[in-house]
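[1] how would this look folded up:
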Amino acid sequence: MNKLLAAALLAFPLLAFSMLTRAQYPAKPVRAVVAFGTGGATDVIARIIAASMSQSLGQPVVIDNKPGADGMVAGAEVAKSAPDGYTVFFATSTQVSALPSLRKNVPFDPLEFTPIGGIGNFSFFWAVHPSLPVKSLKELADYGRANPGKLNAGSRIELMLITGTLAQHVRDGRARGLATLLDKRSKTLPDLPTMSEAGMAPFPAVPWMGFLGPDRIEAQAMDLNPLTAEAIGTLAREQTEVWRRLTSEAGIVAE
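    Here you go, the predicted model:
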């Protein structure tokens, strides 16, 4: 299975996997389940990585989009799959760390997935529609207090969290960026301040992306790099607690 990770390393240098291999793996295509529909940011990243991995592995890595229920559809699909290394979860912190705090009756325990390896952290940016009369987070907060219930995230989106894949919307004026959630400025949009620089409390949730497998993946099916697997597993557990604390402090009740 580390051949899977080594292949991903070629696409994303943030991966830090050793080059352990098993000659018999993979003997057939590998399915990577993605919890978002086609064309979205996560799907685009998954397909870029899958294309490079397919070349390195000598077997297709097939993206299987399973959107719906905030990731529960995709997670349930992976959780019930055979633990043989041929179904993996291209997961983000949303489906693993945040989900237990936001949704009731999750049909699996996200922390029971087998950590395989991390792809990296990514940034969210606060952005608003350019018609909104705010140019900073402080102005946004003042506007929200002065206009309760008027900020819209529906058909005409006025306030949004965007990823770096949508940074062009800020560059070409289709959205106005306000700040990054990273603890330092992003190279993607370096003019945007951090939360601290914008005079707001830092946001402790760290968006992350990684490969997970079903619980108790058969040892003979893969050679896991224990350092990398442990790192993504630790991050998942720590961020799960962060989300529990954030939602509790904000009075958010799982629905």
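
[2] for the rest of this, base every contact and every neighbour count on C-alpha atoms.
    Will do.

[3] distance between the ends of stretch 80-89?
    One end of stretch 80-89 to the other measures 12 Å (CA to CA, to the nearest Å).

[4] stretch 57-72 now?
    Termini of stretch 57-72 sit 29 Å apart (CA to CA).

[5] what's in contact with that stretch?
    3-4, 7, 26-38, 43, 46-47, 50-51, 53-54, 73-74, 94-95, 99, 106-107 (CA atoms under 8 Å, 6 or more residues apart in numbering).

[6] what pLDDT does the residue in the chain sticking out farthest from the centre get?
    If you look at how far each residue of the chain sits from its centre, by CA atoms, centre = their mean, the farthest one is A146, at 33.3 Å. On the pLDDT scale, A146 is placed at 84.

[7] N225 now?
    52.

[8] which ones are touching the closest residue to T42 other than its chain neighbours?
    Closest residue in space to T42, ignoring its immediate chain neighbours: F36 at 6.8 Å, by CA to CA, 6 or more residues apart in numbering. Counting by CA under 8 Å, 6+ apart, F36 makes contact with T42, D43, N65, K66, P67, G68, G71.

[9] which of those fall within strands?
    Secondary structure defined by DSSP state E assigns N65 of the contacts of F36 to strands.

[10] can you flag the buried ones in the contacts of F36?
    By neighbour count, with 16 or more other CA atoms under 10 Å, those hold T42, D43, N65, K66, P67, G71 as buried.

[11] and the pLDDT for the first one?
    Right, the one you point to is T42. 85.

[12] tell me how far it lies from L246.
    24 Å.

[13] closest to V128 among the buried ones among the contacts of F36?
    Nearest to V128 among the buried ones among the contacts of F36: T42, at 21.0 Å, using CA to CA.

[14] the chain: strands as residue ranges?
    Using DSSP E, the strands of the chain run over residues 30-34, 61-65, 87-92, 114-121, 124-128, 159-163, 176-180, 208-213.

[15] show me which positions of the fourth one end up buried.
    So that's strand 114-121. T114, P115, I116, G117, G118, I119, G120.

[16] who does that strand touch, helix- and strand-wise?
    strand 208-213, helix 226-250 (3 or more CA pairs under 8 Å, 6 or more residues apart in numbering; DSSP states H and E).

[17] need these in CSV (columns: mean neighbour count).
    Listed next are those as CSV, based on neighbours: other CA atoms under 10 Å:
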stretch, mean neighbour count
strand 208-213, 24
helix 226-250, 17
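
[18] worst average pLDDT in the ones you listed?
    helix 226-250 (a mean of 81).

[19] which strands and helices lie in contact with that helix?
    Where contact means 3+ CA pairs under 8 Å, 6+ apart, helix 226-250 is packed against helix 99-102, strand 114-121.

[20] quick one, the longest one and strand 208-213 angle?
    This points to strand 114-121. 160 degrees (axes from the mean of the first three to the mean of the last three CA atoms, to 10 degrees).

[21] partners of strand 114-121 in the sheet?
    Using DSSP bridges, strand 114-121 pairs in its sheet with strand 208-213 (antiparallel).

[22] which residues are contacting the strand it pairs with?
    Contacts for strand 208-213 (CA under 8 Å, 6+ apart): 78-79, 83, 85, 87-93, 113-122, 232.

[23] for stretch 85-92, same thing?
    With CA under 8 Å, 6+ apart as the criterion, stretch 85-92 contacts 1, 26, 28-35, 46, 74-75, 78, 81, 207-214, 217-218, 221-222.

[24] ok, the residue farthest from the centre of the chain - contacts?
    Here A146 is in contact with no residues (criterion: CA under 8 Å, 6+ apart).

[25] and it, how far from A175?
    22 Å.

[26] centroid-nearest residue for the chain?
    Note: the chain centre (CA atoms, centre = their mean) maps to T92, 2.6 Å.
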